[in-house]
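S.K.: sharing a model prediction with you, sequence too.
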Amino acid sequence: MNAITQSRVAPGDPRLAARLKRETNAEVLFGAGDRGRYSTDASIYQMAPIGVVVPRSIADVEAAMQIAREEGVPVLPRGGGTSQCGQTVNHALVLDCTKYLRNVISVEGDRATVQPGITLGALNEALKPAGKFFPVDPSTWQRCTIGGMAANNSCGSKSIRYGLMADNVTAIDAILADGSNARFDAYGPQNELTARLFALGETEAAEIAERFPKQLRRVGGYNLETLAAHGNLARLLVGSEGTLAFSASLDLRLWPIKPRKVLGICQFPTFRAAMDAARHLVTLDPEAVELVDRTMIDLGRSIAIYRSTIDRIVIGEPDSILIVEFHGHEEGPLLQKLALLDEMMADLGLPGAVVRATDAGFQAEIAEVREAGLNIMMSMKGDGKPVSFIEDCAVGLDDLGDFTERLNDVFARHGTKGTWYAHASVGCLHVRPVLNMKDPTDVRTMRAVAEECFALVREYKGSHSGEHGDGIVRSEFHESMFGPRIVRAFEQVKDAFDPTGLLNPGKIVRAPKMDDRTLFRYGPDYAADTAIKPVLDWSVYPGPLGGLLGAVEMCNNNGTCRKFDAGGMCPSYRATRDEAHLTRGRANTLRLALTGQLGPDALASDDVAEALSLCVSCKACKRECPTGVDMAKMKIEAQVARAKKHGVPLRDRVVAHLPRWARFAAMAPVLANLREWLPGGRWLAERALGIAASRPLPRFVWGAFHDAEASGDVAGEKGDVLLLADTFNRYYEPENLRAARRVLRAAGYRAIIAQAPTGARPLCCGRTYLAAGMVDQARAEARRTLAALALHPDLPVLGLEPSCLLTLRDEFPSLLPGPETEALAARAFLLSEWLAKAAPDIAFRDMPATAHVHGHCHQKAFGAFPAALAALQRIPGLRAKPITSACCGMAGAFGYAAEKQDASRAMAGLSLIPAVKAAGADDLIIADGTSCRHQIADLAGRPAVHSVRVLDAALR
């Protein structure tokens, strides 16, 4: 029996933390919040680590492993933490490889050598210039790491063409449990360990041949067939889930990029018909055949970012669809493949049942939906969720229809149903029964379903683990799947590599029970802290704390927020690569706080405050997270709790009250701008308020906008609209509001300025108060704005500043739930949205120029950015091109805080500022957000203007 089965060191031990800091150059994270953030992955399990090490080099890994060995502490290598089965949680010292160990070491011909923490997406982006790619493509390709993929023996949708990770990893340079280094490839190492392993393979060759399923998608246990064949020992390490060695670098087999592809989306009236068809469709030699079932179609339609794509890919109301993908070098042969697909579907009795996708943009949208499939399934609100435990059983294609039908019968007998998402080309079925893991009865149902399902798998000579590995959820079933002799062989492999049990104990061999609730995220004692009183309305989510806990629990830890593609989520993580500053990390921190796992009054704690300190409330997660985690709204709850306990800092109070004092400052702008011109003024402001001396503040101007300017306007020929004059455009850039009036007039509308009662200060959306946690003041502003706008109940309400106008659509219903705020949300539009909807015929003059357009985060989060682009693109001669960027990093007052300068500048420097600097000297830079315009001016030295100014300038 292994020596290190449990750590001899207490979680968070300060002595161990001090030693790691002293003897490595790594980041060492031992606080309760950090350990909590690494205690979960995308499975149902939660195991708090001893601590976390973020190594800066392989030397740090070696030193940390030596310290762990000496201290009697297990070690858990970790990549993106997206495991479905609990591979990446343990009571161990976590080695997070994703921040620093993410380099391409070399690329030579059809081979690449990489560090374990590089993501698949980053690798393939780096390989593009060479015309190569790495073909194993899990749906988590944007954030899964090569090391994690090797640990799981990942497969992806194209395994029918390219095989598994084990087929594409040619060598691994590893650090063994005893601290030695060894290279595992087709030639070595030749030593006592190798001899012992190959001897085991020879002894068990007949048993391996008899008991191992003859399925492409078999990733359960260790790859003993490699030993029986005296094969490449790198293949043995692949799929070992970090239990045998640490992969310091991996040699990968590369493939040439096929530049063209086409998709055929086949519609089926029943799930069974789709399953039966798969074996026929693969005869057309596709790259992939992917299933999307009715549940996923319906859930996808309920998510705004996927709705239009779902509507395009279905014909009528199919029960299931199969997405058939063909790749090649020439378009002609691919179109012939689609024609053959049409013929085959007709032969199957389904003529005209194929939607063709030959356009790259449409294909990308389909891929996004397909890749989000597992997350889309998890978007169900409530405690009942599709649970991953029989997630990826694999059977032969000829048996697929019968197997799935019988498995559905199993679900029905147990009073549940399964959601299906499958790699139909290889008989691998992502199926998740809907269960409540907080309910002991459903936990018992989970075990019963697992046992019956795996019995069916054995009957069909399939694999109980076809893609996502073993972890906690499937390791205990190896004996029933492979037999006791093979399981003893697995144990001998583990003991040969790791005799003391240093590496990720309890996975693959000597595993706990999969239904041990002490290991669950929702364990027996899991409960909400009822002392917490939410201040916003969360009633669309069931459960305690008015639904707040249910909203936080929507995060299933799958890590979509870790992506680095063109979307907006998550800008602070992109800047820091820290789990703490990630939507997932924040959601985990809040969940632990709301359930008392971070101590009493934890919502107001330093752990929560630190996790939220770099959240810029960009709302990208609200739109891009497939399960709808709205961290900007959740942050308000934490801000309010902290403000109640600790008070509101002076700087935050000054900014929060800006709408109240701005009108007085505008009366004497020279004095109001004193900080900018008084010698030492910036230094004093930084000392007193923490406002960065390096940042110029927006300047109050003479000639602020006054409501009376619009008092004499005559009615528009098409009617009237209400124009909300926000604080920023009113006092800092009043010409934007004047331009808006002219554009609306040209469109045939009179702009009535939304006003408070006579003599009262101008209206305010209350956002500055929300940012400071001053929810009572924000609610008061919402009430007075609501009352003023109710005087014109039939008029659309238009605004220029996205963060202000969209507060009416988003936060008002949470502050003041009811029909009044819902009605206001339905008639509140950004000016560009309204113009696209109601004024398609404005006459613009020719404006030959190029405009680079940056979308405000809230524009993007509410799907309003395309309207801004469309409005500009109606100007003859103007080439309006979107800047591919996430948050600008200014985010209201965030970018002015002295302590936030590094993060603010890093966010902007990821893509926005380089794009602006690359623009031509005569090109226009357009940004509708006040903060965005100032960030661009500060960091790129280029003026940016609101789109309404360009529309105004283009009026005939």
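M.R.: Thanks, I have the structure now. Note that this is a predicted model, so its numbers are computed, not measured.
S.K.: and the longest helix for this protein?
M.R.: helix 440-459 (DSSP state H).
S.K.: in it, what's buried?
M.R.: Buried residues in helix 440-459, counted by 16 or more other CB atoms under 10 Å: Asp442, Val443, Thr445, Met446, Val449, Ala450, Glu452, Cys453, Phe454, Leu456, Val457, Arg458. Glycine gets a C-beta too; all of them are placed from N, C-alpha and C.
S.K.: OK, contacts around the first one?
M.R.: In this case it means Asp442. Shown in contact with Asp442 (CB atoms under 8 Å, 6 or more residues apart in numbering): Gly384, Leu435, Asn436.
S.K.: out of everything not next to it in sequence, what's closest to the second one?
M.R.: Going back to what we said before, that points to Leu435. Leaving out its chain neighbours, the residue that sits closest to Leu435 by CB to CB, 6 or more residues apart in numbering is Asp442, at 4.3 Å.
S.K.: tell me the pLDDT of the one you found.
M.R.: With respect to pLDDT, Asp442 scores 97.
S.K.: what of Asp298?
M.R.: Per-residue pLDDT puts Asp298 at 88.
S.K.: what secondary structure does it sit in?
M.R.: Look at Asp298: counting by DSSP: H, G, I helix; E, B strand; the rest coil, its state is helix.
S.K.: same deal with Cys266?
M.R.: Assigned by three-state DSSP, the conformation of Cys266 is strand.
S.K.: can I assume it is in contact with Leu281?
M.R.: Yes: when contacts are counted by CB atoms under 8 Å, Cys266 is listed as touching Leu281 (7.2 Å).
S.K.: which residues in the stretch 701-850 of the chain form helices?
M.R.: Along the stretch 701-850 of the chain, counting by DSSP state H, counting those that start in this stretch, helices occupy 727-731, 734-746, 767-771, 775-789, 802-809, 811-815, 819-826, 831-838.
S.K.: other SSEs contacting the second one?
M.R.: With contacts defined as 3 or more CB pairs under 8 Å, 6 or more residues apart in numbering; DSSP states H and E, the packing partners of helix 734-746 are strand 719-724, helix 727-731, strand 749-753, helix 831-838, helix 947-953.
S.K.: mind putting the contacts of Asp442 into TSV with neighbour count, pLDDT and secondary structure?
M.R.: Output for the contacts of Asp442, formatted as TSV (neighbours: other CB atoms under 10 Å; pLDDT from 0 to 100; DSSP: H, G, I helix; E, B strand; the rest coil):
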residue	neighbour count	pLDDT	secondary structure
Gly384	17	90	strand
Leu435	23	95	strand
Asn436	18	95	strand
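S.K.: quick one: which of the helices of the stretch 701-850 of the chain is nearest Ala367?
M.R.: For those, the distance to Ala367 is smallest for helix 831-838, at 27.3 Å, taking CB to CB.
S.K.: what about stretch 253-272, start to end distance?
M.R.: Terminal residues of stretch 253-272 lie 37 Å apart, using CA to CA, to the nearest Å.
S.K.: so how far is that stretch off the chain centroid?
M.R.: With CA atoms, centre = their mean, to the nearest Å as the basis, stretch 253-272 stands 24 Å off its chain's centre.
S.K.: what do you get for stretch 523-543?
M.R.: Computed by CA atoms, centre = their mean, the chain-centroid distance of stretch 523-543 equals 23 Å.
S.K.: name the residues that touch it?
M.R.: 46, 381-383, 438, 440, 517-518, 520, 544-551, 553-554, 593-596, 600-603, 633, 636-637, 640-641, 775, 811, 813-815, 817.
S.K.: buried subset of these?
M.R.: Buried among the contacts of stretch 523-543 by 16+ other CB under 10 Å: 46, 381, 383, 438, 517, 520, 544-551, 553-554, 593-596, 601-603, 633, 636-637, 640-641, 775, 811, 813-815.
S.K.: out of these, list just those in helices.
M.R.: Members of the buried ones among the contacts of stretch 523-543 lying in helices (criterion: DSSP H): 548-551, 593-594, 633, 636-637, 640-641, 775, 811, 813-815.
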